[in-house]
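K.L.:
Quick one: sequence and predicted model below, then my questions.
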Number of protein chains: 2
Amino acid sequence: MSKHEHVSLSVIRRLPRYYRFLGDLVKSSVSRISSRELSQRMGLTASQIRQDLNCFGGFGQQGYGYNTRSLQGEIGSILGVGGEYPAIIVGAGNIGRAIASNIDFGNMGFNLVGIFDVNPEIIGTKIKDVTIHDISSLEEFCKKKHPMIAVLTTPRDAAPDIAERLAKLGIVGFWNFSHYDLSVKYPNIAVENVHLGDSLMTLCYMIKNIGGEVTGDTNNV
Amino acid sequence: MSKHEHVSLSVIRRLPRYYRFLGDLVKSSVSRISSRELSQRMGLTASQIRQDLNCFGGFGQQGYGYNTRSLQGEIGSILGVGGEYPAIIVGAGNIGRAIASNIDFGNMGFNLVGIFDVNPEIIGTKIKDVTIHDISSLEEFCKKKHPMIAVLTTPRDAAPDIAERLAKLGIVGFWNFSHYDLSVKYPNIAVENVHLGDSLMTLCYMIKNIGGEVTGDTNNV
DNA sequence: TAGATTGTTAATCGATTAACAATC
DNA sequence: TAGATTGTTAATCGATTAACAATC
């Protein structure tokens, strides 16, 4: 699918943002845009946008620019948002519930098929049509439904055991909200960490050192 | 405070992770560690760790390594986690409530002083001892309490207006969970974006292209 | 055709890694 | 003292920016 075999993570991480901005443009009935115009809206350089897109193919037209709708489509298919990878959430606490309610899994390439928790009071209840199961039924469930990714929102202490069980069950990606660091232990599983504490601490540094002491794009997350 | 004036954001973003790992080591009663040992635990190079730390000063001792407790303290004070910057949350939906309940603001340099929402049913109630106020009282509240950072967890449509009001009220940092991109409009305010959708799309790409097509550290968030 | 803007190559810049002298 | 490990400089690597020929 990709033109070049190795596309750097820096490029990949910008794709969802392009996708978002292009979606906004489509919504506003802007049908074409140049790399220069897009770069100004996004706070990037036009060079970088053209360089990024050309990792995957020539989506533009000389003298014209890019068609917003078709470019968004291309980026969407590079990211795989048309897929229906089965996903589960492990941990139905505050964060798990917020994710289950707020994240539009369907439009991001996934299909939320189950939620797991230890709390007997909520087992059997549903969040947005998805049932909360007892964590003890994790193995049985996975052997049937074969989820590909797991959203980890358990407390830190529970994370190592859960991760180990899921790794054995063939999970290929972790969306990790727990404080436990999975990357070193599972190098062959895709791990996307969302360490909210780390993010807040970074903000703490930035406001303490406001006025340009930090170099680089402040807004990389 | 810092040895060199300009420390790159790449370095800053690693500091909270060092802080976390050092905290774990202290908890496990490991009182000293070499850059080599730490690098293996964290999946980095020893060179990078030494290079990073020496942006701020020589915290180690030749032939010995680093004292875990004192190094954690140094990093904590670089990040500013001992501060008490007043913070507010705007938006008491699922995400806002999850953050109010789960994030340990006190240990991250902040003090959560207020939560705001538009829903009359929850105005006046509390989350963890913090009262939910009517968004219409935002100006009055801010002129009294002078919050420095705002956690934005409103729906996308409400974000531009709220951001504008907060910018006028002297907010110096946004922890932005809304889909609205603040960075371009407010270049002088520190913005830390947590675009969960972008993060999930990145994971989607990674599992689709598993097996090494992506280069770079998979776990940068 | 002339103007605009891409795709792509070359130049620059910054971040990471390697090497080693300093020193505990 | 000898061994270990830092702090720091130099080398490498990768990412971003600039430039421009190709072409719509």
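P.N.:
Cool, got the structure. Numbering: from 1, shown residues only, chains lettered A, B, ... in the order given.
K.L.:
does the residue lying closest to residue A:125 once chain neighbours are set aside count as helix, strand or coil?
P.N.:
For residue A:125, ignoring the flanking residues on the chain, the nearest one in space by C-beta to C-beta, 6 or more residues apart in numbering or on different chains is residue A:132 at 5.5 Å. No exception for glycine: its C-beta is placed from N, CA and C like everyone else's. Under DSSP: H, G, I helix; E, B strand; the rest coil, residue A:132 falls in the strand class.
K.L.:
Now for residue A:132: which residues touch it?
P.N.:
Residues in contact with residue A:132, defined by C-beta atoms under 8 Å, 6 or more residues apart in numbering or on different chains, are A:92, A:115-117, A:122-126.
K.L.:
If we use 7 Å, what do you get?
P.N.:
A:92, A:115, A:117, A:122-126 (C-beta atoms under 7 Å, 6 or more residues apart in numbering or on different chains).
K.L.:
ditto for residue A:159
P.N.:
A:152, A:178, A:180.
K.L.:
separation between the residue nearest to residue A:108 when sequence neighbours are not counted and residue A:146?
P.N.:
Nearest non-adjacent residue to residue A:108, counting by C-beta to C-beta, 6+ apart: residue B:200, 4.8 Å away. According to C-beta to C-beta, to the nearest Å, residue B:200 and residue A:146 sit 19 Å apart.
K.L.:
ok, residue A:12 touching residue B:205?
P.N.:
Yes - under the criterion of C-beta atoms under 7 Å, residue A:12 makes contact with residue B:205 at 5.5 Å.
K.L.:
And the helix or strand hosting the residue nearest to residue A:108, how far out from the chain middle?
P.N.:
Element membership of residue B:200, judged by DSSP states H and E, is helix B:196-208. Computed by C-alpha atoms, centre = their mean, to the nearest Å, the separation of helix B:196-208 from the middle of its chain amounts to 21 Å.
K.L.:
Okay, buried residues for it please.
P.N.:
Neighbour-count burial for helix B:196-208, counted by 16 or more other C-beta atoms under 10 Å in any protein chain shown, picks out B:196-208.
K.L.:
I'd like these as a markdown table, with distance to residue A:45 appended.
P.N.:
Output for the buried residues of helix B:196-208, formatted as a markdown table (distance: C-beta to C-beta, whole Å):
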| residue | distance to residue A:45 |
| --- | --- |
| B:196 | 27 |
| B:197 | 24 |
| B:198 | 20 |
| B:199 | 24 |
| B:200 | 27 |
| B:201 | 23 |
| B:202 | 21 |
| B:203 | 27 |
| B:204 | 26 |
| B:205 | 23 |
| B:206 | 26 |
| B:207 | 30 |
| B:208 | 28 |
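K.L.:
Next, give me the two most distant ones among those residues.
P.N.:
B:196 and B:208 (18.8 Å; C-beta to C-beta).
K.L.:
separation between residue A:11 and residue A:54?
P.N.:
10 Å.
K.L.:
Quick check on these two: which one has the bigger neighbour count.
P.N.:
The neighbour count for residue A:11 versus residue A:54, taken as other C-beta atoms under 10 Å in any protein chain shown, is higher for residue A:11 (17 against 13).
K.L.:
Okay, and the more buried one sits in which element?
P.N.:
Assigned by DSSP H and E, residue A:11 belongs to helix A:9-27.
K.L.:
interface residues of chain A facing DNA strand D?
P.N.:
Neighbours of DNA strand D within chain A, by C-beta under 7 Å from any atom of the strand: A:8-11, A:44-45, A:47-48, A:50-51, A:61-64.
K.L.:
Mark which of those residues are buried, thanks.
P.N.:
The neighbour count (16+ other C-beta under 10 Å) marks A:9, A:11, A:44, A:50 as buried among the residues of chain A next to DNA strand D.
K.L.:
out of those residues, which one sits closest to residue B:29?
P.N.:
Among those, and counting by C-beta to C-beta, the member closest to residue B:29 is residue A:9, at 35.8 Å.
K.L.:
Am I right that residue A:111 sits in a helix?
P.N.:
No - assessed by three-state DSSP, residue A:111 does not belong to a helix; its assignment is strand.
K.L.:
can you tell me which residues contact it?
P.N.:
Residue A:111 neighbours (C-beta under 7 Å, 6+ apart): A:84-87, A:105.
K.L.:
still on that earlier bit, quick one: which two of the residues of chain A next to DNA strand D are the most distant?
P.N.:
Largest pairwise distance in the residues of chain A next to DNA strand D, by C-beta to C-beta, is 32.4 Å, between A:9 and A:63.
K.L.:
The closest residue to DNA strand D within chain A and residue A:32, how far apart?
P.N.:
Residue nearest to DNA strand D within chain A (C-beta to the nearest atom of the strand): residue A:63, separated by 2.4 Å. Separation of residue A:63 from residue A:32 (C-beta to C-beta): 11 Å.
K.L.:
Likewise for residue A:179?
P.N.:
From residue A:179 to residue A:32 the distance is 45 Å (C-beta to C-beta).
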